[in-house]
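# predicted model follows, preceded by the sequence.
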Amino acid sequence: MTNTFNIQLPFHERGFHLVTSEISSQLPDLPASGLLVAFIKHTSAALTINENADPDVRKDFSTFFNRLVPDGASYFDHVLEGDDDMPAHVKASLLGASVTIPILNHRLNLGIWQGIYLCEFRNVGGCRNISITIVE
Amino acid sequence: MTNTFNIQLPFHERGFHLVTSEISSQLPDLPASGLLVAFIKHTSAALTINENADPDVRKDFSTFFNRLVPDGASYFDHVLEGDDDMPAHVKASLLGASVTIPILNHRLNLGIWQGIYLCEFRNVGGCRNISITIVE
Amino acid sequence: MTNTFNIQLPFHERGFHLVTSEISSQLPDLPASGLLVAFIKHTSAALTINENADPDVRKDFSTFFNRLVPDGASYFDHVLEGDDDMPAHVKASLLGASVTIPILNHRLNLGIWQGIYLCEFRNVGGCRNISITIVE
């Protein structure tokens, strides 16, 4: 049995943001066993799972991915929407549009150091639409 | 309740290809709520979600990933199957073997700019077998 | 219907390890159709699907990812837990915390060359906790 619905995350500036509670607060009661799939309905932002404690980790993620896929790289042809656009598309696929998280005992079965990151790759991205599916 | 079955995608040349309709046309009616998982049964190709409009985006994906994991890189030992083989394996894991897409109101709940890419990393890859699971 | 439970993988040294049978041996009978989700409850290790035959492939994965995200890179600020820690976080998100594998005819519907890799990024990582969900 599944329950699929859309939620929104408000504007976040370019960077990596811990959004576990922003998402959890928009969920119904969770089943005893199941899956949560969160899927971002955009191609210039991503969701991933990573460390939920030290803000430096999120800063280092920005540093790394901005070096790996530089804004305005001369080898990109898709440049009409700005220097940050094509790098955003590449980063979105490197990190992925969705996270699949197990549910156990009515809670997300995350490790104690794990949280959900919103990866915002546009300089000015706006609200982000997320589709949630709970499978039980 | 789930429905798992295999489909095929015909030969595509090396590169990134928008295959949303090639996959959708092989699906049964979708439920009101659920998930579609498409899983590629190969280790030198991948599936990802990205921009469905400008072909330059797919070209730029090829450029970026061919630079990131160069054919014939001297640091690879697994070279017997050709210069493109080990890079294909690495790219396959960077992009992932599967996509998980929510289903809502009997349709894939994709964003308006999102489509499914077949990422073909071999110079001559052949048909690609995809396992589909619909969860409702 | 889902069945979620935790398993453990014993200590593996830093590198990429084929763990398909280590995981399969801890599974109950599989349904005729469904999904297996394996989710690693850590942020310095990952799971991915790749080639299950030549050990050189796993060695080349180590080479590639150690070059891509070098230990002790000067641009990282999160360094208190060692030179391998922040690179481990980045690699974990590049490869992903989970794999979603279709089930067909009571077996994992993997391609003949596919297996599950444990990607251990810490020099001394310890046992790894994996959450398994079977959807049928």
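Sure thing, it's come through. Computed from a predicted structure; not experimentally measured. Residues are numbered from 1 along each chain as shown, chains lettered A, B, ... in the order given.
# for residue A:91, what are phi and psi?
Dihedral angles of residue A:91 (phi, psi; degrees, to the nearest 10) stand at phi -60, psi -40.
# pretty sure it sits against residue A:120.
No - applying Cβ atoms under 8 Å as the test, residue A:91 and residue A:120 come out as separate, 10.0 Å apart. From N, CA and C alone the C-beta is placed, and that goes for glycine too.
# just checking, residue A:22 is part of a helix?
Yes - with DSSP: H, G, I helix; E, B strand; the rest coil as the criterion, residue A:22 is located in a helix.
# that one contacts residue A:11, doesn't it?
No - at 11.9 Å, residue A:22 does not count as touching residue A:11 under the criterion of Cβ under 8 Å.
# the more surrounded of those two?
When residue A:22 and residue A:11 are compared on other Cβ atoms under 10 Å in any protein chain shown, the one with more neighbours turns out to be residue A:22, at 17 against 11.
# who's in contact with residue A:50?
Contacts for residue A:50 were tallied using Cβ atoms under 8 Å, 6 or more residues apart in numbering or on different chains; they are A:16, A:57, A:61, A:114-115, A:117, C:43, C:89, C:92-93.
# just give the nearest non-adjacent residue to the residue nearest the centre of chain A, would you?
For chain A, residue A:47 is the residue whose C-alpha lies nearest the centre (Cα atoms, centre = their mean; 1.9 Å). Among residues not flanking residue A:47 along the chain, residue A:99 sits closest, at 4.8 Å (Cβ to Cβ, 6 or more residues apart in numbering or on different chains).
# and the one you found, how many neighbours?
Applying the criterion other Cβ under 10 Å, we find 23 residues in the vicinity of residue A:99.
# what do you get for residue A:61?
Residue A:61 is surrounded by 24 other residues when neighbours are defined as other Cβ under 10 Å.
# tell me the phi and psi of it?
Backbone torsions of residue A:61, given as degrees, to the nearest 10, read phi -60, psi -50.
# ok, and what's touching stretch A:96-103?
Residues from elsewhere that reach stretch A:96-103 (Cβ under 8 Å, 6+ apart): A:30-40, A:43, A:46-49, A:108-110, A:116, A:134, A:136, B:48-49, B:96, B:99-101, B:114, C:2, C:4, C:37, C:39, C:96-98, C:100, C:131-133.
# one more time with 7 Å
Contacts with stretch A:96-103, where a contact means Cβ atoms under 7 Å, 6 or more residues apart in numbering or on different chains, come from A:30-31, A:33-40, A:46-49, A:108-110, A:116, B:49, B:96, B:100, C:4, C:37, C:39, C:96, C:98, C:100, C:131, C:133.
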